[in-house]
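Undergrad: Would you be able to build a 3D model of this:
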Amino acid sequence: MRALRVTGRWTLEDRLTAPVHDVPFELPADARGLTVRLSYDRSAGVLDLGCHGPLGFRGWSGGARSEYTITPAWATPGYLSGEPEPGVWRILLGLHRVPPDGLPYELSVIPHLSPPVRPPARPG
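TA: From the prediction side, this is the model:
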């Protein structure tokens with residue numbers, strides 16, 4: 001399965017239009033998990049991250065995370081595990097702090113043919 005890459009730039013006008021925007025993507029029917037990665041210059045602004053699946057809300061981590069994974073058996077904290085249903089998913093992006101000249105971003109969506117292994121718990 002191929003990863004999807006989306007790039008763009010959020011502006012102050014986008015922030016004034018709505019504080020949360022969504023970026024839709026199609027998850028293939030044979031996907032058994034998905035990972036979403038967000039990258040941007042964190043010294044320039046703040047973007048919040050969340051997820052909405054075809055059947056409803058799947059999680060929100062705000063600005064605390066730059067990626068999440070959802071599988072049938074486990075999910076990144078702040079997200080709901082469960083079968084990743086095929087169809088149109090939406091990456092939720094909260095435009096918490098956008099500088100006057102805009103904030104470039106990049107999203108990567110990685111569908112998994114088999115669920116990835118749960119990462120080890122962090123001590124602490």
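Undergrad: Show me where the chain has its helices.
TA: In the chain, the helices defined using DSSP state H lie at 12-17.
Undergrad: quick one: low-confidence parts of it?
TA: By pLDDT under 70, the weakly predicted segments of the chain are 1, 123-124.
Undergrad: burial measure for Ala31, as a count.
TA: 22 (other CB atoms under 10 Å). In short, each C-beta sits where N, CA and C put it, glycine included.
Undergrad: That one is in contact with Ser114, isn't it?
TA: No. Applying CB atoms under 8 Å, one finds Ala31 not in contact with Ser114, separated by 9.8 Å.
Undergrad: where along the chain do the strands fall?
TA: With DSSP state E, the ranges of strands along the chain come out as 4-10, 20-27, 33-40, 46-53, 56-62, 67-70, 87-97, 103-112.
Undergrad: for these, which one sits closest to Pro119?
TA: Pro119 lies closest to strand 67-70 among the strands of the chain, at 8.3 Å (CB to CB).
Undergrad: tell me what the closest one is packed against?
TA: Applying 3 or more CB pairs under 8 Å, 6 or more residues apart in numbering; DSSP states H and E, one finds that strand 67-70 makes contact with strand 33-40, strand 46-53, strand 56-62.
Undergrad: buried residues in that strand?
TA: Tyr68, Thr69, Ile70 (16 or more other CB atoms under 10 Å).
Undergrad: contact partners of it?
TA: Applying CB atoms under 8 Å, 6 or more residues apart in numbering, the contact partners of strand 67-70 are 33-38, 49, 51, 53, 58-59, 61, 75-76, 78-82, 84, 116.
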